[in-house]
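**Q** okay, here's the prediction I keep looking at, along with the sequence it came from:
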Amino acid sequence: MPRDAQVPVAPIEADAAFEQLAKFDHVVLAVSGGPDSMALLVLAAEWRQRRNGALPSLSAATVDHRLRPEASREAGFVARESLRLGLPHATLPWTDEKPLSGIPDAARQARYRLLEAHARSLAASTVAVVTAHHLDDQAETFAMRLARGAGVTGLSAMPAERALLEGSTVRLLRPLLPFPKSRLIATLEARGVPCVDDPTNKDSRYERARIRHALLPALVATGISAAALATSARRLGDAEAALHYAEERFTATLALSFGNEVFAAFDREAFREGPTLLRQRLLARLIARYGGASERPELSEIEDLAARLQAEEKSTATLGGAMVSSGSRFIRVWREAGRLAQPDLLLVPGESRTWDRRFIVRRVPEAIGPVRVRPLGQENYLVIAGRLIPGRRPPARAVHALPSFWKDDDLVAVPSLAPFAVASEAPFLEAGCELKALALSAAY
Ligand SMILES: Nc1ncnc2c1ncn2[C@@H]1O[C@H](COP(=O)(O)OP(=O)(O)OP(=O)(O)O)[C@@H](O)[C@H]1O
């Protein structure tokens, strides 16, 4: 039922939800300055006060995405409010070049990366980042995913706790998930705490804003409440956990090997024996991992590919920037060559950048002079292929899109090929060039 404007909404008082933060040494509050995260800031500060100096220590951080001119002023506002509440504050700027499309997604990924790096820099042994996601966020996400016909993964609830990034020791916590936004606003009002208004929240070009202002009110008017949507999302979260469990066991039957981020290979027959949904999930995961910055495929395309691999003995297909090649024994997946949006990148000493959304490439600060990073390409591979261990070479087409490091016209490193190289036949590794694979996942 729509909320009766006459019925006062109760502010949140001392809440048990914050007790889940007590197991950490340090907690970073992610605060944009909007009403939700300002409510998080005051509630967490009050909770800490009640603990009389017991751990965790708390601080706040604001990501300045450098997308709106007011953002740095807003970060300053959060810094002042944090100080007033006795909490240290850091502003984390997103300095990378901005993509032409998919800004909200890219901004979210950058935000989580920056928060993670900041949390790790704090030298606490257990550290968590806390966001102000609430019950209406949960319902909005569910409605957004319903609108695109999402599967179980997409419809599952945001969990109250998870790793901030896949494989990270920094945890992400969301203690405000049980509360509707109206109670967060009432909390601020009751304490007279100001907040900033984020214009992107009202901008109807952004999908979430459209759901918030059009679809959700329409659902609520027909009797489908935000709380009911959030409950379904929670139950689908349990289904997702069960599928994840099944998927791990299925994957263990496939003799899946990752060729050091060059390619993945798995047993075709074992794959064909698996249930449809698990076959689709595995393909989606591998395509996300190897497809780099290419556009993510539709779920229907993953479904079609899984069906094709089931029906045909030998086939090759490209999807989402990945090449999927099925032979009689193995199915292999690698990055499709010629798909990189930013093929040539200059790295000066001390600089690290994202490469093809799959890797972080870095020139160490002590290195002398800049390097260029570009895809290895077919011709350059032919020049160095002889230095790889015979019989262990990856499929030739799988290496063309790998990042290679160059000093002027000299190829100085292809770190991904080092494990395949004859040791005496360097240089696949150059001390000043570093490569780290990013953990990528696909949620449909
Ligand atoms: N600029 C920012 N700086 C610090 N924290 C932020 C910033 N923007 C958002 N957050 C944190 O993330 C939470 C969710 O924000 P928002 O709903 O805008 O995210 P989103 O882009 O919809 O992505 P998602 O909800 O999937 O994380 C906020 O409540 C806040 O805790």
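**A** Cool, the structure landed. Numbers count the residues shown, from 1 in each chain.
**Q** now do the residue lying closest to Ala293 once chain neighbours are set aside against Ala413, distance only.
**A** Beyond its immediate neighbours in the sequence, the residue positioned closest to Ala293 (CB to CB, 6 or more residues apart in numbering) is Arg357, lying 4.0 Å away. (C-beta placed from N, C-alpha, C; glycine too.) With the distance defined as CB to CB, to the nearest Å, Arg357 ends up 20 Å from Ala413.
**Q** tell me which of the two has more neighbours.
**A** Ala413 (25 against 19; other CB atoms under 10 Å).
**Q** around the ligand, which positions in the stretch 201-350 of the chain sit nearby?
**A** Remark: the part of the stretch 201-350 of the chain in contact with the ligand comprises Arg208, using CB under 6 Å from any ligand atom.
**Q** how about the strands of the stretch 201-350 of the chain, start to end?
**A** Here the stretch 201-350 of the chain has its strands, by DSSP state E, counting those that start in this stretch, at 257-258, 263-267, 315-319, 322-326, 330-335, 345-347.
**Q** I'd like these as JSON lines, with distance to Ala10 appended.
**A** Compiled in JSON lines, the strands of the stretch 201-350 of the chain are given as follows (distance: least, CB to CB, whole Å):
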{"stretch": "strand 257-258", "distance to Ala10": "51"}
{"stretch": "strand 263-267", "distance to Ala10": "52"}
{"stretch": "strand 315-319", "distance to Ala10": "50"}
{"stretch": "strand 322-326", "distance to Ala10": "50"}
{"stretch": "strand 330-335", "distance to Ala10": "52"}
{"stretch": "strand 345-347", "distance to Ala10": "53"}
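**Q** I'd like the ones you listed written out as TSV, with mean neighbour count added.
**A** What follows is the strands of the stretch 201-350 of the chain, written out as TSV (neighbours: other CB atoms under 10 Å):
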stretch	mean neighbour count
strand 257-258	14
strand 263-267	20
strand 315-319	15
strand 322-326	22
strand 330-335	24
strand 345-347	17
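**Q** now these in a markdown table, with mean pLDDT?
**A** Compiled in a markdown table, those are given as follows (pLDDT from 0 to 100):
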| stretch | mean pLDDT |
| --- | --- |
| strand 257-258 | 78 |
| strand 263-267 | 94 |
| strand 315-319 | 95 |
| strand 322-326 | 96 |
| strand 330-335 | 95 |
| strand 345-347 | 93 |
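**Q** what's the closest of those strands to Pro180?
**A** Taking CB to CB, strand 315-319 is the member of the strands of the stretch 201-350 of the chain nearest to Pro180, at 39.8 Å.
**Q** tell me the angle that closest one makes with strand 330-335.
**A** Here strand 315-319 runs at an angle of 30 degrees relative to strand 330-335 (axes from the mean of the first three to the mean of the last three CA atoms, to 10 degrees).
**Q** which regions of the stretch 301-444 of the chain sit below the pLDDT cut-off?
**A** 342, 424-427, 440, 442-443 (pLDDT under 70).
**Q** now the helices for it?
**A** Taking DSSP state H, counting those that start in this stretch as the test, the helices found in the stretch 301-444 of the chain are 378-384.
**Q** can you give me the end-to-end distance of stretch 22-33?
**A** Its first and final residues considered, stretch 22-33 spans 24 Å by CA to CA, to the nearest Å.
**Q** same question for stretch 362-370.
**A** Start and end residues of stretch 362-370 are separated by 10 Å (CA to CA).
**Q** identify the residues contacting it?
**A** Outside of stretch 362-370, the residues that reach it under the criterion CB atoms under 8 Å, 6 or more residues apart in numbering are 346-353, 371, 407, 431-436.
**Q** show the average pLDDT along the longest helix seen in the chain.
**A** The longest helix of the chain (DSSP state H) is helix 226-252. Averaging the model's pLDDT scores along helix 226-252 yields 94.
**Q** I figured the residue nearest to Ala293 hits Arg296, correct?
**A** No: with contact defined as CB atoms under 8 Å, Arg357 and Arg296 do not form a contacting pair (10.5 Å).
**Q** check contacts around the residue nearest the centre of the chain.
**A** For the chain, the residue nearest the mean C-alpha position is Gln109 (5.0 Å; CA atoms, centre = their mean). When the contact criterion is CB under 8 Å, 6+ apart, Gln109 has no partners at all.
**Q** could you measure from it over to Glu116?
**A** Separation of Gln109 from Glu116 (CB to CB): 11 Å.
**Q** Thr62 too?
**A** 15 Å.
**Q** more neighbours: the two, which one.
**A** Neighbours per residue (other CB under 10 Å) separate Thr62 from Glu116, with Thr62 holding more: 27 against 20.
**Q** what sits opposite the more buried one in the beta ladder?
**A** Taking DSSP bridges, one finds Thr91 as the beta-bridge partners of Thr62.
**Q** from what I can see it touches Ser32, true?
**A** Yes: A contact is recorded between Thr62 and Ser32 when judged using CB under 8 Å, the distance being 6.4 Å.
**Q** give me the common contacts of those two.
**A** Contact criterion CB under 8 Å, 6+ apart; residues bridging Thr62 and Ser32 by contacting each: Glu74, Val78.
**Q** can you pull out the strands in the stretch 51-200 of the chain?
**A** Listed in chain order, the strands of the stretch 51-200 of the chain (DSSP E, counting those that start in this stretch) span 57-64, 89-93, 127-130, 161-163, 171-173.
**Q** quick one: closest of the ones you listed to the ligand.
**A** Using CB to the nearest ligand atom as the measure, strand 57-64 is the one of these that comes nearest the ligand, at 3.7 Å.
**Q** report all helices and strands that the closest one contacts.
**A** Judged by 3 or more CB pairs under 8 Å, 6 or more residues apart in numbering; DSSP states H and E, the packing partners of strand 57-64 are strand 26-30, helix 35-50, helix 71-84, strand 89-93, helix 103-120.
**Q** list the contacts of that strand.
**A** 25-33, 41, 44-45, 48, 71-72, 74-75, 78-79, 82, 87-94, 110-111, 114-115, 118, 122, 124, 129.
**Q** off-centre distance for stretch 365-372?
**A** When C-alpha coordinates are averaged (CA atoms, centre = their mean, to the nearest Å), stretch 365-372 and its chain have centres 29 Å apart.
**Q** an error on my part: the question was meant for stretch 174-185.
**A** 23 Å.
**Q** from the opening residue of it to its closing one, how far?
**A** Taking CA to CA, stretch 174-185 runs 17 Å from one end to the other.
**Q** tell me how far Arg285 lies from Thr153.
**A** 10 Å.
**Q** Val333 now?
**A** Val333 sits 19 Å away from Thr153 when distances are taken as CB to CB.
**Q** next, Ala17: phi, psi?
**A** Recorded main-chain torsions at Ala17 are phi -60, psi -30, according to degrees, to the nearest 10.
**Q** tell me which residues touch it, please.
**A** Neighbour list for Ala17: Pro175, Leu176, Pro178 [criterion: CB under 8 Å, 6+ apart].
**Q** any idea how far the last one is from the ligand?
**A** Put plainly, it is Pro178. Taking CB to the nearest ligand atom, to the nearest Å as the criterion, Pro178 is separated from the ligand by 14 Å.
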